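> Provide a 3D model corresponding to the input given below.
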Amino acid sequence: MDEAKDSSNKREAMVQRQIADRGIDDPLILAAFRTVPREHFLPENLSEFAYDDGPLPIGEGQTISQPFIVACMIDAAEIGYQDRVLEVGAGSGYAAAIISRIADEVIGIERHEVLAREASSRVKALDYENCNIIAGDGTKGLPEKAPFDAILVAARTDEVPKALCDQLALGGRLIVPFGGEDMQQLRCIERVAEDRWESRDITPVRFVPLLRGVIPADGAQTASDHRPARDLSTLALIGQSCTPLPELTSQDFAASFDRYANKRIVMLGESSHGTHEFYAARAAITQRLVERHGFDIVAVEADWPDAAVYNRYIRGEKAGAEPANPFQRFPTWMWRNAVMPGFLNGLKRINSDRPEGKKVGFYGLDIYNMSGSIEAVLAYLDAHDPQAAQVARERYGCLTPWQSDPATYGRAALTKGFAECEDAVVAQCRELLEQGINGESESFSAAMNARLVASAERYYRIMYHGGRESWNLRDSHMADTLEHLLDNGGPQSKAVVWAHNSHIGDARATDMGAVRGEHNIGQLARERWGDDDVALIGFGTHTGTVSAASDWDGEREVKRINPSRRDSYERLCHDSGVERFLLDLSADPAVTDRLSDPRLERFIGVIYRPETERWSHYSDAVLPRQFDAWCWFDETTALEPLAKHEPGAGAAETFPFGL
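Presented below is the predicted three-dimensional model:
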C-alpha cells in the first residue's frame, strides 16, 4: 500500500471512530476532516502518530489539538459556508485548515512567529486560498477585520477577553475553553444583541493557557505583564522568573549555570536515562565548570571499574587493570552513546594543558559491576603484592560463582557456608583502603574497587529481601565514594555529579523519603556538605522520544514519551510556553511559594512503560525543596547508542579509543 493510500485510510478511520462515533454528524465537518491531511501539520518525526486520538507537540511548547476537540469547537460554532471565522491560537494551522474547507474565509492568529510562519507555509502548500495565518496577540483579536461570524480560541482562560466578544457579529459565536489550570469547560458565547451575550457550556476539556503578547522568532516576548507576583498565574510567574536558554549547540548555552560555580558540588540530574538533551546539556555545563571554574571531578551514576577506563583515557594514562571494553552491561546506551565521545575528548583536551595535580578525572559512583571490581583488585595485587593477591582470591572465593549473575547471590547467601563471606570481603576492603586512600592513582583506584566489592556483596545480600535497605545502601555507597574523591583531591577539589533525578533530588521532598523512608545522594550531600556548598539541578521534559527498554535486560527501543499529566510539574513547565529554560528555585520566594504544593513528577529510568505511566513513572514531590534549580526542555529526543545495535561490534568495541 502506498503512503498516500495508507494516510487516507487512517484519516477515514479517525473520522469514523474519533468524530462520527462520538456524535458529530454534520456532513460538512466530517468531509473537511476527510480532506485535510493531519500529518502535513506535524513535525516529520511525528507523522506516524498523526491520526492518534490525542494532542501532539508541534514545538515552542505548543500542541496540535485532539481531532475530536477541534470537531467539537467547529460544531458548537455552527460554521456555515458564508461565514468569516477568526481562530485564536492557530498553532500548526490544522484547525484553521479544517475550518477553511467549510467557511468562506478563516484567519488564524498565532503568538509564536515561528509557528505562524510554518502554519502559513503549510496552508499555502495545500492551496487553501481562503485561509490566512498571521502572527499576533490573539487576546486583542483582529479589529480591522471584524466582525466575525465565529471566533474559536484554542487556549484556556479564566477571563474571556472583551475584545473578542466585541468583535463577534450579531448572532456570532465565540468558542473558548473557560476555567482553571486542571480542567476547563468548552464554552459557547453567542452575541444575541448589540450589548448582550449569552453563554452555555459544551464539554469538559484541557487546554494550554491563553497568554498575551507576541513571541518573535528570536524567542523574546514583546509584551510583558508587570503585575505583582502575587497576582500572576503560576504559569506567568514561571515564564517571568525563568532564564530562557539558547539552543544546545550555542556556545552560550551553559553560561546561565555559572551562578553555581561557587559551589563545591554541582549535581546535574535527568528525568530519564535515555534522553539526548540531558546528556548534551550536562556535557556542555560540565565542560564549562571544568574549564572556567576549577571543577576537577566528574562523578557519574556508573560503575567504578568501567568509568576508570574513561578516566585513564582523558588523563592520558596507560591502560590499567580495568575491563578493556567498558560498559558492556545493560543498559549499554547510558555510557556508550553518541554524546560521550565529544565530551571525553573535550576533557582530554583540557587535561593536555594541565599538570598532573590539576587534571580533571572521570569516576563511577555506582555499585553494580562487582565482577569488574574483583578483577581490577586482583590484577592490582598480582602486579604489586602477589602474596596478598592469593589471600584476596581466597576471600573472594565465595563470590566467584555469582559474578555473572550477582542478583542470585542474596538467595545463596541465606544458606550455610556463606555467612563468613561478608567479613572476608570487608577485611579485604579495609586493607586496601588503608593503603590506597590519599595514595597514588593506581592504589586509590584499587581501594575504590575493593569498596565497591564490599558494598555490592552487602547490596546483593539484602536485595533478595527487598525493601528500602538496598536502595539506601546503594546511595550511601555513592555518597561515600564522592566523599573519598573530594578528600583525595584536597580542600580545593570540586565535583560535578551526573545521576538520575531520583538520586540527586533531595529524597525528603518526595515519596521516597516521606513515605518509603529512602534517602539518596542529593539528600546526603546536603547533610554532609551543607546547602551553601551543594547545588541540586533537576532536568525535565514534556514529551518527545526516549531510549528505553520494556524489561530489564531487554532490547533498547525508541519510545514515544506520553505528554505530561495535567497534575504534574512538567505540565506547568510545558504550559508556560517557554521551550528551554533554567528556573532558579531559590532566587524568587514567590516562585518557591507558588510551586510548594505537592505535585506529580515523572521519573523514567532505563525501563519505560507508557501504558502504566501514572503508577510506574510518577511520584509526588515538592520541587523547590527537592532541587535548587530546574532545567527544562519541552520536547526531547532519544539518546543514540554509539553503535546502532548494542551490544555491538566495530567502532563501539574500541570506544573511546578508536575515535
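
> least confident secondary structure element in this protein?
helix 409-412 (a mean of 54; mean pLDDT, DSSP states H and E).

> what are the ranges of the strands in the stretch 201-350 of the chain?
243-244, 265-268, 297-303 (DSSP state E, counting those that start in this stretch).

> of those strands, flag the one that's most buried.
A comparison of those by mean neighbour count, using mean count of other C-beta atoms under 10 Å, puts strand 265-268 on top with a mean of 27. Backbone N, C-alpha and C define where each C-beta goes, glycine included.

> what does the average pLDDT come to for it?
Mean pLDDT, strand 265-268: 98.

> low-confidence ranges, the stretch 301-450 of the chain, go.
By pLDDT under 70, the low-scoring segments of the stretch 301-450 of the chain are 320-324, 369-382, 384-385, 388-389, 391-441, 443.

> what are the ranges of the helices in it?
In the stretch 301-450 of the chain, the helices defined using DSSP state H, counting those that start in this stretch lie at 304-315, 340-352, 370-384, 386-395, 409-412, 421-436, 441-463.

> tell me the contacts of Asp53?
Contacts for Asp53 (C-beta atoms under 8 Å, 6 or more residues apart in numbering) come out as Met14, Arg17, Gln18, Gln66, Pro67, Phe68.

> is it fair to say the first one lies in a helix?
Yes - the assignment for Met14 is a helix, going by DSSP: H, G, I helix; E, B strand; the rest coil.

> where does the stretch 51-200 of the chain dip in pLDDT?
Regions of the stretch 51-200 of the chain meeting the criterion pLDDT under 70 cover residues 181-182.

> just the helices from it, written as ranges.
Under DSSP H, counting those that start in this stretch, the stretch 51-200 of the chain gives helices at 67-77, 94-100, 113-125, 162-166.

> contacts for the longest one, please.
For helix 113-125, the surrounding residues in contact (C-beta under 8 Å, 6+ apart) are 40-41, 58-60, 62, 90-93, 96-97, 100, 108-110, 131-136, 214-217.

> including distance to Gly517, could the strands of the stretch 201-350 of the chain go into a markdown table?
Output for the strands of the stretch 201-350 of the chain, formatted as a markdown table (distance: least, C-beta to C-beta, whole Å):
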| stretch | distance to Gly517 |
| --- | --- |
| strand 243-244 | 36 |
| strand 265-268 | 22 |
| strand 297-303 | 21 |
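
> and those strands: which comes nearest Phe178?
strand 243-244 (29.3 Å; C-beta to C-beta).

> partner strands of the closest one, parallel or antiparallel?
If you go by DSSP bridges, strand 243-244 pairs up with strand 580-584 (antiparallel).

> what would the strand it pairs with look like as PDB? C-alpha coordinates only.
Output of strand 580-584 as PDB, limited to C-alpha atoms (Å, rounded to 0.1, in the frame of the first residue of the first chain):
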ATOM      1  CA  ARG A 580      14.000  25.700  27.100                       C
ATOM      2  CA  PHE A 581      14.800  27.300  30.400                       C
ATOM      3  CA  LEU A 582      16.600  27.300  33.700                       C
ATOM      4  CA  LEU A 583      14.500  28.100  36.800                       C
ATOM      5  CA  ASP A 584      16.300  29.000  39.900                       C
END
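
> hmm, back to that, quick check on the contacts of helix 113-125: which are buried?
40-41, 58-60, 62, 90-93, 96-97, 100, 108-110, 131-136, 214-215 (16 or more other C-beta atoms under 10 Å).

> which of these fall in strands?
The members of the buried ones among the contacts of helix 113-125 that map onto strands under DSSP state E are Ile58, Gly59, Gln62, Gly108, Ile109, Glu110, Cys131, Asn132, Ile133, Ile134, Ala135.

> could you give the bridge partners of the third one?
In this entry, Gln62 is beta-bridged to Gly59, by DSSP bridges.

> give me the mean pLDDT for the strand or helix carrying Lys5.
According to DSSP states H and E, Lys5 maps onto helix 3-14. The average pLDDT for helix 3-14 rounds to 86.

> what's the following helix or strand after it?
Next element after helix 3-14 (DSSP H and E): helix 27-35.

> what are the neighbouring residues in contact with Gly138?
Neighbours of Gly138 in contact, by C-beta under 8 Å, 6+ apart: Val88, Gly89, Ile109, Glu110, Arg111, Val153, Ala155, Leu210.

> with distance to Pro386 added, can I get the residues you listed in a markdown table?
Formatted as a markdown table, the contacts of Gly138 follow (distance: C-beta to C-beta, whole Å):
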| residue | distance to Pro386 |
| --- | --- |
| Val88 | 79 |
| Gly89 | 74 |
| Ile109 | 80 |
| Glu110 | 74 |
| Arg111 | 73 |
| Val153 | 79 |
| Ala155 | 73 |
| Leu210 | 75 |
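
> quick one: which of those residues is nearest Pro246?
Arg111 (20.3 Å).

> so that closest one touches Gly213, yeah?
Yes - if you go by C-beta atoms under 8 Å, Arg111 and Gly213 touch, sitting 6.5 Å apart.

> list the residues that contact both of these two?
Contacts common to Arg111 and Gly213, judged by C-beta under 8 Å, 6+ apart, are Asp137.

> closest one of the ones in strands among the buried ones among the contacts of helix 113-125 to Arg594?
Using C-beta to C-beta, these come closest to Arg594 at Gln62, 22.7 Å.

> distance check, the closest one against Val578.
For Gln62, the distance to Val578 equals 11 Å [C-beta to C-beta, to the nearest Å].

> contacts only, for His576.
No, residue 576 isn't His; it's Ser. By C-beta under 8 Å, 6+ apart, the neighbours of Ser576 are Gly61, Leu235, Ala236, Ile238, Gly239, Cys242.

> closest to Ala509 out of those residues?
Of all those, Ile238 has the smallest distance to Ala509: 18.3 Å, by C-beta to C-beta.

> against Leu623, how distant is the closest one?
With C-beta to C-beta as the criterion, Ile238 and Leu623 are 11 Å apart.

> and the longest strand along the chain, how far out from the chain middle?
Longest strand in the chain, counting residues (DSSP E): strand 534-548. Averaging C-alpha positions (C-alpha atoms, centre = their mean, to the nearest Å) puts strand 534-548 2 Å from its chain's average.

> can you offset everything so residue one is 41?
Noted, 41 is the first residue going forward, which turns the last one into strand 574-588.

> for it, which strands pair with it and how are they oriented?
Neighbouring strands of strand 574-588 in its sheet, by DSSP bridges, are strand 305-308 (parallel), strand 597-601 (antiparallel), strand 669-676 (parallel).

> and of these, who's closest to Ala519?
strand 305-308 (10.4 Å).

> ok, and what's touching the closest one?
If you take C-beta under 8 Å, 6+ apart as the criterion, strand 305-308 is touched by 297, 300, 321-322, 325-326, 329, 335, 522, 526, 534-539, 544, 561-562, 565, 569, 573-577, 579.
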